[in-house]
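> what follows is a predicted protein model with its sequence.
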Amino acid sequence: MRPEGAYVSLIADGDARHLYAKYGFEPVMPASIGMATRVKPA
C-alpha cells in the first residue's frame, strides 16, 4: 500500500521563509508552533 502523500515541516530563520514560500510552504501558526532547545555536553 502506498501513502497518498506526506506532511513536510521545516523551520525557516529570518528571510528564508520567502524562499520556502516559493515552493509552496505556508505558515502553520496558530495551529502549530515551532520549538527548540540547546543541549550542552555533560
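Great, that's in hand.

> OK, contacts around the residue nearest the centre of the chain?
Using Cα atoms, centre = their mean, the residue of the chain that lies closest to the mean C-alpha position is Leu10, 2.0 Å off. Taking Cβ atoms under 8 Å, 6 or more residues apart in numbering as the contact definition, Leu10 lies against Tyr20, Phe25. Backbone N, C-alpha and C define where each C-beta goes, glycine included.

> what's the helix or strand for it?
When elements are defined using DSSP states H and E, Leu10 is found to belong to no helix and no strand.

> next one: it from Thr37, what distance?
18 Å (Cβ to Cβ, to the nearest Å).

> the closest residue to Ala36 other than its chain neighbours - how many residues pack around it?
Excluding its sequence neighbours, the residue lying closest to Ala36 (Cβ to Cβ, 6 or more residues apart in numbering) is Ile11, at 7.5 Å. For Ile11, the count of nearby residues is 10 (other Cβ atoms under 10 Å).

> repeat that for Ala12.
Other residues near Ala12 number 14, with proximity taken as other Cβ under 10 Å.

> again, but for the one 3 residues further on
The local packing of Asp15 (other Cβ under 10 Å) involves 7 other residues.

> check what pLDDT it gets.
You'll see Asp15 listed with a pLDDT of 93.

> and the helices in the chain?
Per DSSP state H, the chain carries helices over the ranges 16-21.

> where does it dip in pLDDT?
Along the chain, segments meeting pLDDT under 70 are nowhere present.
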